[in-house]
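Asks: Curious how this folds, go ahead:
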Amino acid sequence: MKIDLPRSALVIIDVQNDFCPGGALEVENGDEVIAPLNLLASFIAAGGGRIVATQDWHPKGHISFELWPDHCVQGSKGAHFYESLDLKQVNLIIRKGFRSNLDSYSAFFENDRQTSTGLDGYLKSLSIDTVVLGGIATDYCVLYSALDAAAQGFKTIVLSDAVRGVNKPPGSVERAFEQFKEAGVILTNSREIT
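Replies: As a prediction, this is how the structure comes out:
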């Protein structure tokens, strides 16, 4: 699949210790997203595109801890990016979920669907028109980010080899892939782009 590299951005979603093996909210095989993301980040950056990484950044007692185990607490080891993720190419880090009473799945909006993270304005100011997404978790933060990217008018691509899901409730990963298709999100893998 050909993409216009200077007008593309790779958005790496929440590749953090707490979502990878041994983490507080471990996603099975979560670390397997890293190799394709590192490869694609180098490819897009070399072509003049942008690389963005999101980071869950929760205060102690965050509202999401009512639904999920405590995870990605600000400044904790669990909140750090997984060590093999190459951050040298990253142009912008978006921290999300830092308001105590408001969770944030999407890279674009908090869960109130009104509070912007600023990512939309950043990308549009650079004339980016294509957003490529990978990371964790397929059925939550990747899903919401992809749906928002498409709704904001970006050509939106999700890399099937660079996402892993929680699958809670069971079937949520499968449903996420259906929602991608319904929203016009393109599903491909990193090898098809590089």
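Asks: C-alpha from now on. contacts and neighbour counts both.
Replies: Fine.
Asks: Local confidence estimate at residue 116?
Replies: Listed pLDDT for residue 116 reads 95.
Asks: oh sorry, the question was meant for residue 194
Replies: In this model, residue 194 is scored at 82, pLDDT.
Asks: Same question for residue 187.
Replies: Listed pLDDT for residue 187 reads 97.
Asks: Longest strand in the protein, by number of residues?
Replies: strand 155-164 (DSSP state E).
Asks: strand partners of that one, parallel vs antiparallel please.
Replies: strand 130-136 (parallel), strand 186-188 (parallel) (DSSP bridges).
Asks: in the helix or strand just after it, what counts as buried?
Replies: Using DSSP states H and E, the helix or strand that follows strand 155-164 towards the C-terminus is helix 172-182. By neighbour count on 16 or more other C-alpha atoms under 10 Å, the buried set for helix 172-182 is 172-173, 176-177, 179-180.
Asks: packing partners for helix 172-182?
Replies: helix 143-151, strand 186-188 (3 or more C-alpha pairs under 8 Å, 6 or more residues apart in numbering; DSSP states H and E).
Asks: same thing but at 6 Å, please
Replies: For helix 172-182, there is no helix or strand it packs on, judged by 3 or more C-alpha pairs under 6 Å, 6 or more residues apart in numbering; DSSP states H and E.
Asks: Run the chain-centre distance for that helix.
Replies: In terms of C-alpha atoms, centre = their mean, to the nearest Å, the centre of helix 172-182 is set 16 Å apart from its chain centre.
Asks: the inter-axis angle of the longest strand of the chain versus helix 172-182?
Replies: 170 degrees (axes from the mean of the first three to the mean of the last three C-alpha atoms, to 10 degrees).
Asks: next helix or strand past the longest helix seen in the chain?
Replies: Looking across the chain with DSSP state H, the single longest helix is helix 34-46. Per DSSP H and E, helix 34-46 leads on to strand 50-56 as the next helix or strand towards the C-terminus.
Asks: From the centre of the chain, point out the most distant residue.
Replies: residue 61 (23.1 Å; C-alpha atoms, centre = their mean).
Asks: For residue 30, see how far away residue 153 is.
Replies: To residue 30, residue 153 is 29 Å away according to C-alpha to C-alpha, to the nearest Å.
Asks: go on, residue 3?
Replies: Distance, residue 3 to residue 30, by C-alpha to C-alpha: 26 Å.
Asks: just residue 102 next, same as before
Replies: Counting by C-alpha to C-alpha - residue 102 and residue 30 are separated by 25 Å.
Asks: higher neighbour count, those two?
Replies: Shown here are residue 102 and residue 30; by other C-alpha atoms under 10 Å, residue 30 has more neighbours (25 against 16).
Asks: can I assume the more buried one is in contact with residue 20?
Replies: Yes - between residue 30 and residue 20 there is a contact under C-alpha atoms under 6 Å: 4.8 Å.
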